[in-house]
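> Mind folding the following:
(chains A and B)
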Amino acid sequence: MTEHSKHRGSRFRGHCCQKHGDNENSLPVLSEFPVGKKCKVVSLMGCMMNKRLANMGLGVGSIIEIIKNDLSGGPLIVFSDSVRIAIGRGMARQICCEEIKDE
Amino acid sequence: MSREYEIGLAGNPNAGKTSVFNHITGAMQTTGNWPGVTVSKVSGKCSVKNEKMNIVDLPGTYSLSAHSEDELVAREYIVKDNPDVVINVLDATALEHNLFLTLQIIELGVPVVIALNMTDEAKKRDLKVDAKRLSNILGVPVIETIGTSGEGVKELMCAVLDVAKSRKRSNYLVDYGPEIEHSTQKIQEVLSETEIAKTKYPPHFFAHKLLENDKAICNEVETIKHPELVHEIVNKEIKRLKGIFGDDVETLVIDRRYEQARIISKEVVKGIVRRQRFVDKIDRFLANRFIGIPIFGIVMWGIFYATFTWGAPLSDWVAEGLAWIDTTLFGALVDSSSVLVSNIGNFLSGVINDGIGGILVFFPFIVILFLILSFLEDSGYMARIAYIMDGIMSKVGLSGKAFIPYVVSFGCAVPGVVATRTLDSKRERILTILTAPLVSCVTRMEVFFFLAAIFFAGSALAQSLVVWSVFIFGILLAITLVAIFSKIFFKNEPATPLLIELPPYRWPTLRSVLIHTWDRTKHFLQKAGGVILIGAIIFWILSNTPTSGITSSATPWFIVLLVLALWMVINSVFSKRLYKNTETRSKTVKTINIIPFVLIVGVFVLGVMPHISLSVDAIEQSLVGKIGHSLEWFVRPLGLDWRAVIALIAGFVAKELLISIFGVLGNFAEDAEPGGLEAGQNPEGTPAVIATWYTTPAVLGMMVFFNLYSPCLATIGAIKAEAGWKWMWFSIAYGIALGWIMSFIVYQVGSLFI
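Next comes the predicted model:
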């Protein structure tokens, strides 16, 4: 119940790294990556859509390529394991990633 | 005789499950290129080597975690219905993604056969998938198929038959690590075997899901003995694991499973999964922030335009054909000197020409609209609509995904309501179910065009402008209401963010588009032959039955009719009690109701027909007139009269009945006019008569009312099934209130200007 009340009203805006508090600000989130960059999911920040994300193949450890990310807003389009997925920006703010350099 | 094998068909959305299903059964099941086309299970029959099989097409899901309705449907089927084999359709171009589900299906302990689908697509992209290797790893047969052409389906079914006979299961186990296995063991120890057997879940799976805190499984625990004991140990183990991993078990399990899928996919797939660049290019255009929505608007406008320009000549042919039948066949009957024959002629003309005919004229439009919509669905554009509409929808607290049911409702609200099953939260589902019926479906568009053609006869521009305004007004209201309802009913629940797969663009196959179109349009023909026919008959009888004088001679016949109808009802009710199996029941009901049905027809033709008065000025004294007049107070503030009351009442059943009713009433009125033409002789005459009934603001108000008030019977049924009684009644009630108020405003304000 506590988890629920924590996110009430936050509407997924901004960071909500309560669960992985130590990660906050130290790791970039998916929405900050520009188009063309590849990244690996390090952690999902404990909001209700996490399991859905994981079930769609965007769980921890998955590799994501950014296809579309308008910095002015709107959902992102990413590519992961040959599947194109549209993700709401609020949710993308809760996916902590690290960049992967292309060989 | 051997029994029928039960086969389930599972797979990710967009894996091509439905086209494989169509090739197996030869059925015409709707396919589409947007996630979640099959939203309920559909079954079909086939036979392989003289063995009968029943194939169930399950909803496309990414997992079996029971987070959404369709996932639960798929899992419950696999566990509770105990299929002989589950065919798992995999998209060869996205194996890792698809194997995630495969692992879960195998975990359920059911015999599995894998259809490695879209191998042609994989080849095109230089991907080599080693089917043999995959088969060896998982311990299940893997057959390569091409869903669009049906290649490999025969081999697939042979493999399925073999497995169905041997019931060979895979021994593959996902390695979740020693800690989780330890906890699973502990829980399994407390669960008594006989009790678990009752739930039909494999004990290992059951224990596992308890650790994951799966809702459906936790509910199952309540049905077995000593649930508190189980809960205690489960909570203890969950706490222990959380202490070790610092994460909840479900996330852990999902991660492990994906890891496994990744490992397997690396083993069997050769070549790099490359992105299709052309998809990016199209997306940059279609899903653009600034031009995406205008393009969507143009697409919608194009659909309308094409529908009505291409449909018009076809529609004219239908009208001409009907007019010919009416004048030559029914006209000859009407002219007969015998009252009985003349009445029968009038009856046929009234029911078939004015009743069903008025609707059949619109059928070409429906076909073309669905052809275009099917093309769009198969092309992959649907999911992009979710993407571009997310901006607007998220302002009222829904994700863009909720817009897909709106687009579907544009064809028909029934599949629109059902399509909400793919949405991610109950809040989102209910809000969409409540508002999707406000989007004018094609049937209501028929009514609008019918009315516009009559009341704005002069200008084609005015006609389309009026219809468009009503349509857009409906959508705007729907979105506004979402904002209001979410504040009232779901105050504290957060909005669901967008998460949707964007399938690759595909050029739709003709076969698929045709199947899709037929699947959707046959419903309208069935309706015209069923509900509309009955409605038109009832309306004709009521409108031709005077309430005074002449009825006395027909009264005994009416009583006989009532008794016969009662007989049929009793038959149906009793067989419902006697037969549990729906198939045998409906068969029995049909056979035992033949006699009363024949008697009803006989009594009606020979008994009632000769007594029916066709004196045209009697319509206002008929039963219909009486009913209409007694409720006229309800619509008088809207500038409408008793005729509209009748149309509105009939509209509860099916909205297109307005066309039938106005057609019949218009004919009556036309005949009543001094020097008027004979019934049905002049199709141009009726609209001119109808046009004199209402003022322009009143007609606009009526269209608005018709668009908003209570969904039709079929949609109400769908709402009840998807959301329950409470929301069904609410949906009816708010629709009537809103329709009346909006119509009142339109009429009153309009009257000031026009």
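
> quick one: B:Asn12 and B:Thr61, what's the gap?
Distance, B:Asn12 to B:Thr61, by CB to CB, to the nearest Å: 7 Å. For every residue, glycine as well, the C-beta is placed using N, CA and C.

> Pull up the overlap in contacts between these two.
B:Leu101 (CB atoms under 8 Å, 6 or more residues apart in numbering or on different chains).

> what's stretch B:459-473 in contact with?
Contact with stretch B:459-473 is made by B:304, B:308, B:440, B:445, B:448-449, B:452-453, B:456, B:700, B:703-704, B:707, as judged by CB under 8 Å, 6+ apart.

> Helices - which of the residues you listed land there?
Those of those mapping onto helices are B:304, B:308, B:445, B:448-449, B:452-453, B:700, B:703-704, B:707, per DSSP state H.

> Buried among those residues? Make that a ChimeraX selection.
ChimeraX command restricting the ones in helices among the contacts of stretch B:459-473 to the buried ones, with burial defined by 16 or more other CB atoms under 10 Å in any protein chain shown:
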select /B:304,308,445,448,449,452,700,703,704,707
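
> where does the stretch 1-150 of chain B dip in pLDDT?
Scanning the stretch 1-150 of chain B for pLDDT under 70 picks out the ranges B:1-2, B:27-42.

> ok, now chain A?
Low-confidence segments of chain A, defined by pLDDT under 70: A:1-25, A:46-49, A:102-103.

> Report the closest residue of it relative to chain B.
Here the residue of chain A nearest chain B is A:Gly88; by CB to the nearest CB that distance is 3.4 Å.

> rewinding a little: kindly identify which of the contacts of stretch B:459-473 also come near chain A.
Among the contacts of stretch B:459-473, none lies close to chain A by the criterion of CB under 8 Å from any CB of the partner chain.

> Report the two of these separated the most.
Farthest-apart pair in the contacts of stretch B:459-473 is B:Phe308 and B:Val704; separation 20.9 Å (CB to CB).

> In which helix or strand does the closest residue to B:Val608 other than its chain neighbours reside?
Closest residue in space to B:Val608, ignoring its immediate chain neighbours: B:Trp557 at 4.9 Å, by CB to CB, 6 or more residues apart in numbering or on different chains. Using DSSP states H and E, B:Trp557 sits in helix B:551-578.

> what packs against that helix?
Using 3 or more CB pairs under 8 Å, 6 or more residues apart in numbering or on different chains; DSSP states H and E, the elements in contact with helix B:551-578 are helix B:582-592, helix B:594-602.

> Provide the angle between the direction of it and the direction of helix B:594-602.
Helix B:551-578 and helix B:594-602 are oriented at 160 degrees to each other (axes from the mean of the first three to the mean of the last three CA atoms, to 10 degrees).

> Tell me which helix or strand B:Phe285 sits in.
Here B:Phe285 is assigned to helix B:277-286, by DSSP H and E.

> what are the ranges of the helices in the stretch 601-750 of chain B?
Secondary structure of the stretch 601-750 of chain B (DSSP state H, counting those that start in this stretch): helices located at B:623-630, B:632-635, B:642-651, B:657-672, B:685-690, B:696-708, B:713-723, B:725-753.

> Need those in TSV (columns: distance to B:Gln260).
Output for those, formatted as TSV (distance: least, CB to CB, whole Å):
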stretch	distance to B:Gln260
helix B:623-630	67
helix B:632-635	64
helix B:642-651	55
helix B:657-672	57
helix B:685-690	68
helix B:696-708	52
helix B:713-723	35
helix B:725-753	41
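
> I'd like those helices as CSV, with mean pLDDT appended.
As requested, those are exported to CSV (pLDDT from 0 to 100):
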stretch, mean pLDDT
helix B:623-630, 83
helix B:632-635, 89
helix B:642-651, 87
helix B:657-672, 75
helix B:685-690, 74
helix B:696-708, 91
helix B:713-723, 83
helix B:725-753, 92
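
> and stretch B:65-78, does that touch chain A?
Yes - Stretch B:65-78 is in contact with chain A by CB under 8 Å from any CB, via B:65, B:67.

> what separates that stretch from the chain centre, distance-wise?
Its chain's C-alpha centre and that of stretch B:65-78 lie 19 Å apart, by CA atoms, centre = their mean, to the nearest Å.

> For B:Asp214, grab the count of nearby residues.
B:Asp214 has 20 neighbours, counted by other CB atoms under 10 Å in any protein chain shown.

> meant to ask about B:Gly8
A count of nearby residues for B:Gly8, using other CB under 10 Å, gives 25.

> likewise B:Lys239?
9.

> mind listing what's buried in the helix or strand harbouring B:Tyr406?
Per DSSP H and E, B:Tyr406 falls inside helix B:403-409. Going by neighbour count (16+ other CB under 10 Å), the buried part of helix B:403-409 is B:403-409.
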